[in-house]
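> Take this sequence and fold it.
(one chain, ligands or ions: 1)
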Amino acid sequence: MKNLIKIIFIFIICSSFKIITNKVYVCDSKTSVAYHNSKNCDGLDNCKHEIIYIIKSDAIDKYNKRACKICY
Ligand SMILES: [Zn+2]
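Model prediction:
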């Protein structure tokens, strides 16, 4: 029973860590549609606005972006 608690505890730490580090690059423009895995992605080449580094869930929910077809 003690082991099970330990496993659950480790799982919670790992999953929360993943949420924190799961960040993406987004061109801070209304015309951009995707979030990117890499700042050097070809999809960001045309970005004339600021490139912001944000949490993936924010990119989807707040910025309405989808995954880039080039780097994802
Ligand atoms: Zn991309």
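
> So which residue is smack in the middle of the protein?
K56 (2.7 Å; Cα atoms, centre = their mean).

> Return the distance of the longest helix seen in the chain from the chain's centre.
For the chain, the helix with the greatest residue count under DSSP state H is helix 2-21. With Cα atoms, centre = their mean, to the nearest Å as the basis, helix 2-21 stands 20 Å off its chain's centre.

> Need the contact partners of that helix.
Contacts to helix 2-21, defined as Cβ atoms under 8 Å, 6 or more residues apart in numbering, come from residues I55, S57. The C-beta positions use only the backbone N, C-alpha and C, and glycine is treated the same way.

> How many residues are close by Y35?
Y35: 26 surrounding residues under other Cβ atoms under 10 Å.

> for N22, same thing?
Other residues near N22 come to 11 when the count uses other Cβ under 10 Å.

> Can you name the residues of this protein sitting close to the ion?
H36, C41, G43, C68, I70, C71 (Cβ under 5 Å from the ion).

> Please produce a ChimeraX select command covering the buried subset of those.
In ChimeraX, a selection of the buried entries from the residues of the chain next to the ion looks like this (16 or more other Cβ atoms under 10 Å):
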select :36,41,43,68,71
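
> any idea how far S57 lies from D42?
Distance, S57 to D42, by Cβ to Cβ, to the nearest Å: 24 Å.

> Output the helix or strand of the chain with the lowest mean pLDDT as CSV, nothing but the C-alphas.
Ranking every helix and strand in the chain by mean pLDDT, DSSP states H and E puts helix 2-21 at the bottom, with a mean of 81. The C-alpha trace of helix 2-21 is given here as CSV (Å, rounded to 0.1, in the frame of the first residue of the first chain):
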residue,chain,number,x,y,z
LYS,A,2,2.8,2.3,0.8
ASN,A,3,4.4,1.6,-2.6
LEU,A,4,1.2,2.5,-4.4
ILE,A,5,1.2,5.9,-2.7
LYS,A,6,4.8,6.4,-3.7
ILE,A,7,4.0,5.5,-7.3
ILE,A,8,1.0,7.9,-7.4
PHE,A,9,3.1,10.6,-5.8
ILE,A,10,5.9,10.2,-8.4
PHE,A,11,3.3,10.2,-11.2
ILE,A,12,1.8,13.5,-9.9
ILE,A,13,5.2,15.1,-9.8
CYS,A,14,6.1,13.9,-13.3
SER,A,15,2.8,15.0,-14.8
SER,A,16,2.9,18.5,-13.3
PHE,A,17,6.5,18.9,-14.4
LYS,A,18,5.4,18.0,-17.9
ILE,A,19,2.7,20.7,-17.8
ILE,A,20,5.2,23.3,-16.7
THR,A,21,7.8,22.5,-19.3
